[in-house]
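Undergrad: fold the following, please.
(2 chains)
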There are 2 protein chains.
Amino acid sequence: MIEETSKENIEVRIQMAAVAYQFLKNTTIKERAAFMNAVADQIEALGEELLTTAHTETSLSLARLTGEKARTTGQWRTYAKAVATGIYAETRIDLAQPEKQKSDIRKYNIGLGPVVVFGASNFPFAFSTAGGDTASAIGAGCPVIVKAHPAHPQTSQMMADVITDTVKEFGWPEGIFSHITGTSYEIGAYLTQHNDIRAVAFTGSFSGGKALFDIANRRENPIPVFAEMGSINPIVAFDHLLESRAEDLAKEYALSLTLGVGQFCTNPGVFIALKGENIDRFIATLKIEIPKIIPSNMLNKGIFENFEKLKSVASAQSEVNIVAEANTEINEWEGRAVVIETTGQNFIQNGILSEEVFGPFGIIVACEAPEEIQQIAEELKGQLTITIAATDEDVRQNIKLIDVLKDKCGRLLFNQMPTGVEVVYAMQHGGPFPSTTDARFTSVGPDAVKRFVRPISFQNWPDEFLPEELKDENPLQIKRMVDGEVNSGSLKLPTT
Amino acid sequence: MIEETSKENIEVRIQMAAVAYQFLKNTTIKERAAFMNAVADQIEALGEELLTTAHTETSLSLARLTGEKARTTGQWRTYAKAVATGIYAETRIDLAQPEKQKSDIRKYNIGLGPVVVFGASNFPFAFSTAGGDTASAIGAGCPVIVKAHPAHPQTSQMMADVITDTVKEFGWPEGIFSHITGTSYEIGAYLTQHNDIRAVAFTGSFSGGKALFDIANRRENPIPVFAEMGSINPIVAFDHLLESRAEDLAKEYALSLTLGVGQFCTNPGVFIALKGENIDRFIATLKIEIPKIIPSNMLNKGIFENFEKLKSVASAQSEVNIVAEANTEINEWEGRAVVIETTGQNFIQNGILSEEVFGPFGIIVACEAPEEIQQIAEELKGQLTITIAATDEDVRQNIKLIDVLKDKCGRLLFNQMPTGVEVVYAMQHGGPFPSTTDARFTSVGPDAVKRFVRPISFQNWPDEFLPEELKDENPLQIKRMVDGEVNSGSLKLPTT
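TA: A predicted model of the protein is given here:
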């Protein structure tokens, strides 16, 4: 039973967040980085209890949770380091040139204001209460209100306590972080339409993300929503590659498809190739490999039931054959993998086959001709990832096709499976709609901070009243763009 | 009489833009910069005919148009230079670390796709057909479809011809630039909801910008709209400053309010201060200064009539007095300046007084107490600019108020009038809603390019197939972030 935070209490927390914003927006990037590192220290200190609690609530293995915990502290530290460099302050200074009637103008990025974070069910640490959205919003200078995911309430509370404790330890206003619990849709809607909320971050289903996006845009003063809503992450495999690697590729695909019981946003749900002997060898290997994988329990009963339902619906479409499936009996909420096969035309015409099935479910699309693959590419919706399985020769022969696929994804892989989203600067976890609501941003990697900042220019201001990031002396010793050139120094002339 | 581009023709141009995008997105930043400089050269070469045509169509003086033309070519050149540095490619490379199972991931920014630009009436060069939106979209790698502003069709056509000629000169696909003419609302709506359009840039009225924003968000695949919709650009003046400078400030205000017949997005429509002797001196000077300014014709009859109407409506509100006005007879479409005065409470309660009156119209708000100014600040809608007229002592005494004002604007000025938007890196021309639809972006300065790019990551790709910006050798010799550090060199080991 999850306690619902009362409306009155939510209202109080929003007011506290608005007050805390006035404090947090005036902290420097260095101060926020120190805070973020302290959160990482505290998460690290949580030890076994966190892991066992999360394991109980999510069925995720202790090994996986151990890795995810390290990833989560890694996110706080990596983002902290990036924030401290000033890269997201994007400082720009154009000095006065009185002879040209040019003013002194200085710009930097400031936090948008209170951000509401909706965590994901499938990453109880890394994409949830103390996950990447919270870290990047605080790094940006925005107080955070987390709407806890009801699938792991105890885990969420433990993570919330860590951040609350760190706020206290730093003597910062309590409203910098709030933890709202409850299962009702209304809470999310209320938060998103509240005048004091300035941005929303969401990871989850299309219906959930799109609903928040619509609410935010219909406000009297619309606000940005970054919703990561998943995708089917196609793999397009070409014949030269398949000819030499069909069996190996099938083994890699089977592992990627079933990793974490298929519960990843980047799960490769569609495999596209020309029909013929090569894809037949690929399928023959899948028939051997998929049953070898022992299913585990899914995150919760709801996700399991939804998986079973969508899997059945897709498998029951006409011109669809099941080509491989896990052969264990269903036990509790085990996510039993299924791979189906269909034709290119059927995939194009039957929209149901392009919808995400959250879990270990794949569709092999066997196309008649390269033109059919091109047509699929052109009609494909936006994806988080697309993978090209190809030799160099295949790429040279399919430049036009690959160019179209670039327009449909945020990350384009070459001969690697898309599961496994590294937390690095170069990561893009955000593709064209409907995989996310704004392909210009990412929710993984330090660049995630950018979602929550906006530039503000100060024209003709006395140095005394400028934020530290913009003062002549460059007290934070960051790289700044001064008159169009990168400059790490002070702008003060040395006194002689 | 403006010729309406036919629906069929618009459809053809959109298809051509989609095709041209496949070319343009694969040009390098250096190639696009060369194109942009060539456009600047051609605009420069247009000479007198451009100026006289624009003068006839807009009533703007030749001196003003000469300045605006220089600004426009300056925009193309400045943005070209910025694009060529790679600052908007935002290249990030994380090299493979096989021992840590880390892949080679490389990210850069690519153009979003075809962009529709709606030019402004008040800047026939700098914010119109070949204005900053077009320059920044092409710099980003996006084909542009301009919906010409009907207020200056010949000027627009001349500018369009320049870009079309440059496209030909470069041997680039014709669809890189299209010029759509017509006066109907439907054309804009059709373009904005077309599946092949990927972003919209707009400068104009709130009703126009908001309508496009709503259409774009209600698409099956929503797209970003950056609409700059103007604002009332408050000046908040404090008593120490007024005590020493009331008369000078009134002279500066009168000039700024009437500059360009008040037809600037950054026109200072509201002046807020405490009531008393100081503001009385300010008003007394305005009474002398405003009538000194000889009105000029406004841009066109529609704008003049709208100005007359809104000015009358605002002046006719209760508790409002006219304190200064131009004393010439109305002749043709002359924009005759009017300044009214009201109380703080009336300004808060009567929403009409917070609406933009496009033209030389100002409201002086005389407040009872500092708390009333604070209340106005808290209830203020988003603005492009806010100006603080203050001594250092005033600032120290009003830190909390100024902090709230920061949340309400994109540019905060100190003792300078807001008209005059410099085209520099540090410029922010984009404030919280409703001044723009997304405060995270600017439409002036090279950073305007950012609106039209999105990141794409390449994971594990062979060097041969990467864009030039990401190749090992760094053939474009740009600064790139490699493993978290700025690096200008090649990643290839020298062969020995």
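Undergrad: where does the prediction get shaky in chain A?
TA: The model of chain A has pLDDT under 70 over residues A:1, A:493-496.
Undergrad: which residue lies nearest the spatial centre of it?
TA: For chain A, the residue sitting closest to the mean C-alpha position, by CA atoms, centre = their mean, is residue A:443 at 3.7 Å.
Undergrad: show the contacting residues for that one.
TA: By CB atoms under 8 Å, 6 or more residues apart in numbering or on different chains, the contact list for residue A:443 reads A:127, A:132, A:133, A:136, A:201, A:203, A:226, A:228, A:429, A:430, A:436, A:451. C-beta here means a position set from N, CA and C on the backbone, and glycine is covered the same way.
Undergrad: tell me which of those is nearest to residue B:269?
TA: For those, the closest approach to residue B:269 (CB to CB) belongs to residue A:451, at 32.0 Å.
Undergrad: sec struct for the closest one, please.
TA: At residue A:451 the chain is in helix, as set by DSSP: H, G, I helix; E, B strand; the rest coil.
Undergrad: so it makes contact with residue A:199?
TA: Yes: the pair residue A:451 / residue A:199 is scored as a contact, 6.9 Å apart, by CB atoms under 8 Å.
Undergrad: quickly list what's touching both of those two.
TA: Taking CB under 8 Å, 6+ apart as the contact rule, residue A:451 and residue A:199 both touch A:137, A:224, A:226.
Undergrad: quick one, phi psi at the closest residue to the second one other than its chain neighbours?
TA: In this case it means residue A:224. Closest residue to residue A:224 apart from its sequence neighbours, by CB to CB, 6 or more residues apart in numbering or on different chains: residue A:199 at 5.1 Å. Main-chain dihedrals, residue A:199, degrees, to the nearest 10: phi -170, psi 160.
Undergrad: residue A:199: neighbour count?
TA: Neighbour count of residue A:199, defined by other CB atoms under 10 Å in any protein chain shown: 26.
Undergrad: dump the residue contacts of it.
TA: Going by CB under 8 Å, 6+ apart, residue A:199 touches A:112, A:113, A:115, A:116, A:137, A:142, A:223, A:224, A:225, A:226, A:451, A:452.
Undergrad: alongside chain B, which residues does the stretch 101-250 of chain A contribute?
TA: The interface of the stretch 101-250 of chain A toward chain B, taken as CB under 8 Å from any CB of the partner chain, is made up of A:102-103, A:105-107, A:110, A:112-113, A:213-214, A:217, A:221-224.
Undergrad: out of those residues, which is most surrounded?
TA: Going by other CB under 10 Å, residue A:107 tops these with 29 neighbours.
Undergrad: which residues are contacting whatever helix or strand that residue lives in?
TA: Assigned by DSSP states H and E, residue A:107 belongs to strand A:105-111. Outside strand A:105-111, the residues that touch it by CB under 8 Å, 6+ apart are A:21, A:24-25, A:88-94, A:137, A:140-142, A:452-461, A:466-467, A:469-470, B:406, B:422, B:424-428.
Undergrad: mind running it again at 7 Å?
TA: Here strand A:105-111 makes contact (CB atoms under 7 Å, 6 or more residues apart in numbering or on different chains) with A:21, A:24-25, A:88-94, A:140-142, A:452-459, A:466-467, A:469-470, B:422, B:424, B:426-428.
Undergrad: also stretch A:270-281?
TA: A:232, A:234-237, A:239, A:242-243, A:246-247, A:253, A:362-368, A:373, A:376.
Undergrad: nearest to chain B among the shared contacts of residue A:451 and residue A:199?
TA: residue A:224 (6.7 Å; CB to the nearest CB).
Undergrad: what's the distance between the closest one and residue B:262?
TA: Distance of residue A:224 to residue B:262, computed by CB to CB, to the nearest Å: 32 Å.
Undergrad: out of the contacts of strand A:105-111, which sit inside helices?
TA: Among these, the members found in helices (DSSP state H) are A:21, A:24, A:140.
Undergrad: now the two most distant members of the residues of the stretch 101-250 of chain A next to chain B.
TA: The largest distance within these, taken as CB to CB, falls between A:102 and A:214 and amounts to 43.6 Å.
Undergrad: now do the strands in the stretch 201-350 of chain A.
TA: Taking DSSP state E, counting those that start in this stretch as the test, the strands found in the stretch 201-350 of chain A are A:225-228, A:235-237, A:270-274, A:320-325, A:338-343.
Undergrad: kindly report the same for the stretch 1-150 of chain A.
TA: Along the stretch 1-150 of chain A, the segments classed as strands by DSSP E, counting those that start in this stretch run A:92-94, A:105-111, A:115-118, A:144-147.
Undergrad: figure out which of the ones you listed is closest to residue A:31.
TA: Nearest of these (CB to CB): strand A:105-111, 12.7 Å.
Undergrad: tell me the gap between the closest one and the middle of its chain.
TA: In this view, strand A:105-111 has its centroid 26 Å away from the chain centroid, taken as CA atoms, centre = their mean, to the nearest Å.
Undergrad: residue A:283: what's it in contact with?
TA: Contacts for residue A:283 (CB under 7 Å, 6+ apart) come out as A:323, A:341, A:364.
Undergrad: rerun at 10 Å
TA: Counting by CB atoms under 10 Å, 6 or more residues apart in numbering or on different chains, residue A:283 makes contact with A:246, A:250, A:271, A:273, A:321, A:323, A:324, A:339, A:341, A:364, A:366.
Undergrad: the residues you listed into TSV, with extra columns for neighbour count and distance to residue A:76?
TA: Below are the contacts of residue A:283 laid out as TSV (neighbours: other CB atoms under 10 Å in any protein chain shown; distance: CB to CB, whole Å):
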residue	neighbour count	distance to residue A:76
A:246	23	42
A:250	25	38
A:271	26	36
A:273	25	41
A:321	11	47
A:323	19	43
A:324	24	40
A:339	27	38
A:341	21	44
A:364	24	40
A:366	21	45
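Undergrad: from the residues you listed, which two are the most distant?
TA: Top of the distance list for the contacts of residue A:283 (CB to CB): A:246 and A:321, 18.5 Å.
Undergrad: which parts of chain A belong to which domain?
TA: A:7-229+A:440-453, A:235-414 (automatic domain parsing).
Undergrad: deepest of those domains, which one?
TA: domain A:7-229+A:440-453 (a mean of 21; mean count of other CB atoms under 10 Å in any protein chain shown).
Undergrad: and the gap between the residue found closest to residue A:466 once you drop the neighbours it is linked to in the chain and residue B:264?
TA: Nearest non-adjacent residue to residue A:466, counting by CB to CB, 6+ apart: residue A:458, 6.0 Å away. Counting by CB to CB, the gap between residue A:458 and residue B:264 amounts to 20 Å.
Undergrad: same check on residue A:140?
TA: For residue A:140, the distance to residue B:264 - CB to CB - is 31 Å.
Undergrad: same question for residue A:253.
TA: Noted for residue A:253: a distance of 59 Å to residue B:264, by CB to CB.
Undergrad: pretty sure residue A:465 is in contact with residue B:391, am I right?
TA: No: if you go by CB atoms under 10 Å, residue A:465 and residue B:391 don't touch, sitting 11.6 Å apart.
Undergrad: phi and psi next, for residue A:60.
TA: According to degrees, to the nearest 10, residue A:60 has phi -70, psi 150.
Undergrad: how close does it sit to residue A:40?
TA: Distance from residue A:60 to residue A:40, by CB to CB: 21 Å.
Undergrad: cool, and residue A:424?
TA: Separation of residue A:424 from residue A:40 (CB to CB) stands at 17 Å.
Undergrad: now do the contacts for residue A:470.
TA: Applying CB under 10 Å, 6+ apart, one finds that residue A:470 lies in contact with A:89, A:91-93, A:106-108, A:456-458, A:461, A:463, A:476, A:480, A:491, B:426.
Undergrad: what's the closest of those to residue A:56?
TA: The closest of the contacts of residue A:470 to residue A:56 turns out to be residue A:89 (CB to CB; 41.4 Å).
Undergrad: next, the residue of the stretch 251-400 of chain A found nearest chain B: phi, psi?
TA: Nearest residue of the stretch 251-400 of chain A to chain B, counting by CB to the nearest CB: residue A:395, 5.5 Å away. As for residue A:395, its main-chain torsions (degrees, to the nearest 10) stand at phi -60, psi -50.
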